[in-house]
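Chemist: model the following, please.
(chains A, B, C and D)
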There are 4 protein chains.
Amino acid sequence: MDPSRWLLLHRSVRFGDTDAAGVMHFHQLLRWCHEAYEESLEAFGISAAAIFPTPSWTPETRDKSDSSQAKVALPIVHCRADFLAPLVCGDPLAIALAPRRLTSGSFEVSYSFACLDGASRPVARGLTRHVAIDPLSRLRCNLPSAIEGWLEASANGEPSPPSTQG
Amino acid sequence: MDPSRWLLLHRSVRFGDTDAAGVMHFHQLLRWCHEAYEESLEAFGISAAAIFPTPSWTPETRDKSDSSQAKVALPIVHCRADFLAPLVCGDPLAIALAPRRLTSGSFEVSYSFACLDGASRPVARGLTRHVAIDPLSRLRCNLPSAIEGWLEASANGEPSPPSTQG
Amino acid sequence: MDPSRWLLLHRSVRFGDTDAAGVMHFHQLLRWCHEAYEESLEAFGISAAAIFPTPSWTPETRDKSDSSQAKVALPIVHCRADFLAPLVCGDPLAIALAPRRLTSGSFEVSYSFACLDGASRPVARGLTRHVAIDPLSRLRCNLPSAIEGWLEASANGEPSPPSTQG
Amino acid sequence: MDPSRWLLLHRSVRFGDTDAAGVMHFHQLLRWCHEAYEESLEAFGISAAAIFPTPSWTPETRDKSDSSQAKVALPIVHCRADFLAPLVCGDPLAIALAPRRLTSGSFEVSYSFACLDGASRPVARGLTRHVAIDPLSRLRCNLPSAIEGWLEASANGEPSPPSTQG
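Modeler: A predicted model of the protein is given here:
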């Protein structure tokens, strides 16, 4: 499977993402990062219910023995973003994800945003760092195997260069 | 207790609430409505944990016998808004709430927004309609007594006129 | 051109769209409505810069004679939504748009949301009503011709039934 | 004037800020940071219209000679956040701002969030870095004098320690 299928995503800047300066309001980029992370897992073949908490009345959750149910939470402990160029409503964006395993219980995802109007030009970078915890005890634990598979396949497909963001 | 203490609230339009037309982006108003509803309950003396779901690891939730824990969910089944005038960053707003009991298991809240730059002038109206359900079975049930108390005190303080919005 | 190409859109519920009750937080639906409206115009062939304000330093705006530049604003004067079923993270949605011309200077768009897990089932409805104004004088004016074209093609493709929402 | 009046602010976690994990969704914190920055300027005595773009039809903007009109944009070029503890709906927060002048054309603001349920405990940190540009040419310029005044008064009142965040 071609890693670009789950590591290269697209979206457009929407009107509600802009502010009165006429450009994308900064914190929307972090929302885009998380949505790209979710879309990447989905494209890789991991269901949302396997990773994200769902209420106890949903079919997935009702059957307690279902192994697809999220048993580990992956809260973000750090995030950051750099803004290289203003983005206006309608701008078509490409988002390249570079997930990276940090420890047995943590990983981070780097996001590079390019604007595709004319030549592709870099416009922003983002990063989210996640740790695995037991949602009841809130203690650190190992990453879910589905996330391990996604991290490994992503690393093989596109070896992460040494981070230059931090 | 003076009902205006929990039925008349204030906030300012923030930069991130605006869009590239220079004015408040429409759906932010619905967010303000819900935040005003939460602030009203708080000002009336109802804790967030008594009404809104909190995770099972929080102190309030851990003690299962604690009657302050939310046992009823109050999802919104209908909302609407009318926009009378554009709002720009920094505009100081007054929000008047008019909660109204509909049935033993439902209520609605009308929100009137006025801009306080110079004379107070009406700028927007909003409405949210809520039903009470058991969060596990998703079946309709009675309103929590705390909400009944807030509705009653609000109706006494400021008798709801017949709705003219719908 | 098949109207379903610009009147039937898709998106998934994302984690940030949910709240602590485990389901989509109500006002996100209005954001989805506006984003669907923008995506529909785009799919029909109308550029964002032709409809939505862009800053004066953008290429489209710099050339004052460019007819693609937004000369009319289309603020929302009314919106509403009905919530028929809870939506959880990952739910795949279909959004059917029904745009309708109201007067020479106003239109509305109805949005029907269906969840595609298993059989398609209706989960929510939304509506936005827009008026055309001159962005400088703030006086009412005629709809832009691009919007007229989109409304006409949409009405031909899928004749709007008499509205039953209001 | 006591600097804590504009450098120490308060807000509560609202239901729409949470996600299905039951806790504050990470990117809301960056929104809180910007809103705290705006509230701080306001409390210091700087009007929103002096700093943030407003449409050309507003009274402030119509009078071109009005010196209170924003002539400099202050876009964010970098932001980051660290999340130390989960926040649930209703949590009362104190936000301590530490603005710091970087160059004649840039500054940053650090935000320390503490939760006030029981003892005050640190729960998150945020940072936004801003540069001054001419909104038409997009070229770098000097900070507006109003911002210089706010930075100076903030530094006097509470001397910024060497940053330990980066």
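Chemist: skipping adjacent residues, who's closest to residue A:101 in space?
Modeler: residue A:151 (4.6 Å; C-beta to C-beta, 6 or more residues apart in numbering or on different chains). Bear in mind the C-beta positions are built from the backbone N, C-alpha and C, glycine included.
Chemist: shouldn't the one you found be in contact with residue A:103?
Modeler: No - if you go by C-beta atoms under 8 Å, residue A:151 and residue A:103 don't touch, sitting 11.4 Å apart.
Chemist: what residues does chain A have near chain D?
Modeler: A:20-23, A:26-27, A:30-31, A:34, A:52-55, A:73, A:75-83, A:86, A:128, A:135, A:138 (C-beta under 8 Å from any C-beta of the partner chain).
Chemist: in strands only, show me those.
Modeler: A:76-83, A:128 (DSSP state E).
Chemist: what's the closest of these to chain D?
Modeler: Nearest to chain D among those, counting by C-beta to the nearest C-beta, is residue A:80 at 3.5 Å.
Chemist: how near is the residue sitting nearest the centre point of chain A to residue C:132?
Modeler: Per C-alpha atoms, centre = their mean, the C-alpha nearest to the average position across chain A is that of residue A:37, at 2.0 Å. As defined by C-beta to C-beta, to the nearest Å, residue A:37 lies at a distance of 39 Å from residue C:132.
Chemist: got it, and residue A:116?
Modeler: 31 Å.
Chemist: between the two, which one's more packed in?
Modeler: More crowded of residue A:116 and residue C:132, by other C-beta atoms under 10 Å in any protein chain shown: residue C:132, with 20 against 14.
Chemist: was I right about the more buried one contacting residue C:72?
Modeler: Yes - in this structure, residue C:132 is within contact of residue C:72 by C-beta under 8 Å, at 5.1 Å.
Chemist: anything in contact with each of these two?
Modeler: Counting by C-beta atoms under 8 Å, 6 or more residues apart in numbering or on different chains, the shared contacts of residue C:132 and residue C:72 are C:141-144.
Chemist: turn those into JSON lines, including pLDDT and neighbour count.
Modeler: Formatted as JSON lines, the shared contacts of residue C:132 and residue C:72 follow (pLDDT from 0 to 100; neighbours: other C-beta atoms under 10 Å in any protein chain shown):
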{"residue": "C:141", "pLDDT": "98", "neighbour count": "16"}
{"residue": "C:142", "pLDDT": "98", "neighbour count": "13"}
{"residue": "C:143", "pLDDT": "98", "neighbour count": "22"}
{"residue": "C:144", "pLDDT": "97", "neighbour count": "18"}
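Chemist: restricted to helices, list those.
Modeler: Assigned to helices by DSSP state H, none of the shared contacts of residue C:132 and residue C:72 qualify.
Chemist: which one of those residues is nearest chain A?
Modeler: residue C:144 (15.0 Å).
Chemist: any idea how far residue B:116 is from that closest one?
Modeler: 34 Å.
Chemist: same deal with residue A:114?
Modeler: 44 Å.
Chemist: same check on residue A:14?
Modeler: 31 Å.
Chemist: do residue A:33 as well
Modeler: Taking C-beta to C-beta, one finds residue A:33 at 37 Å from residue B:116.
Chemist: again, but for residue A:102
Modeler: 50 Å.
Chemist: same thing with residue A:105?
Modeler: Following C-beta to C-beta, the distance that separates residue A:105 from residue B:116 is 51 Å.
Chemist: what's the answer for residue A:97, then?
Modeler: Going from residue A:97 to residue B:116 by C-beta to C-beta gives 46 Å.
Chemist: same check on residue A:154?
Modeler: Relative to residue B:116, and taking C-beta to C-beta, residue A:154 is found at 52 Å.
Chemist: now do residue A:148
Modeler: On the measure of C-beta to C-beta, residue A:148 and residue B:116 end up 55 Å apart.
Chemist: and the pLDDT at the residue nearest to the centre of chain A?
Modeler: Note on residue A:37: pLDDT of 98.
Chemist: got the residues of chain A near chain B?
Modeler: Contact residues, chain A versus chain B (C-beta under 8 Å from any C-beta): A:15-16, A:18-20, A:22-23, A:25, A:27, A:55-57, A:88-89, A:135-138.
Chemist: buried ones from these, can you make that a ChimeraX selection?
Modeler: Buried residues among these (16 or more other C-beta atoms under 10 Å in any protein chain shown), as a ChimeraX selection:
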select /A:15,16,18,19,20,22,23,25,27,55,57,88,89,135
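Chemist: what about the residue nearest to residue A:1 when sequence neighbours are not counted, which SS state?
Modeler: Closest residue to residue A:1 apart from its sequence neighbours, by C-beta to C-beta, 6+ apart: residue A:153 at 7.5 Å. The three-state assignment at residue A:153 reads helix, by DSSP: H, G, I helix; E, B strand; the rest coil.
Chemist: next up, the contacts around residue A:153.
Modeler: Neighbouring residues of residue A:153 by C-beta under 8 Å, 6+ apart: A:1, A:3, A:44.
Chemist: try 10 Å this time
Modeler: A:1, A:3, A:6-7, A:44-45, A:99 (C-beta atoms under 10 Å, 6 or more residues apart in numbering or on different chains).
Chemist: make TSV from the residues you listed and add neighbour count to it.
Modeler: TSV is the format used below for the contacts of residue A:153 (neighbours: other C-beta atoms under 10 Å in any protein chain shown):
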residue	neighbour count
A:1	10
A:3	16
A:6	22
A:7	22
A:44	18
A:45	13
A:99	26
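Chemist: of all these, which comes closest to residue D:93?
Modeler: residue A:99 (31.3 Å; C-beta to C-beta).
Chemist: okay, and the closest one sits in which element?
Modeler: strand A:92-103 (DSSP states H and E).
Chemist: strand partners (parallel or antiparallel) of that strand?
Modeler: Strand pairing for strand A:92-103, determined by DSSP bridges: strand A:8-12 (antiparallel), strand A:106-115 (antiparallel).
Chemist: next, the angle strand A:76-83 makes with the last one.
Modeler: Right, strand A:106-115. Put simply, strand A:106-115 runs at 20 degrees to strand A:76-83, going by axes from the mean of the first three to the mean of the last three C-alpha atoms, to 10 degrees.
Chemist: pull out the buried residues from strand A:106-115.
Modeler: A:106-115.
Chemist: could you do the first one as well?
Modeler: Across strand A:8-12, burial judged by 16+ other C-beta under 10 Å covers A:8-9, A:11-12.
Chemist: quick one: find the helix or strand in chain A with the lowest mean pLDDT.
Modeler: One helix or strand of chain A scores below all others by mean pLDDT, DSSP states H and E: helix A:59-62, with a mean of 61.
Chemist: what about residue A:147, neighbour count?
Modeler: 21.
Chemist: pLDDT (mean, whole number) over whatever helix or strand it lives in?
Modeler: For residue A:147, the enclosing helix or strand under DSSP H and E is helix A:145-157. What helix A:145-157 shows for mean pLDDT is 93.
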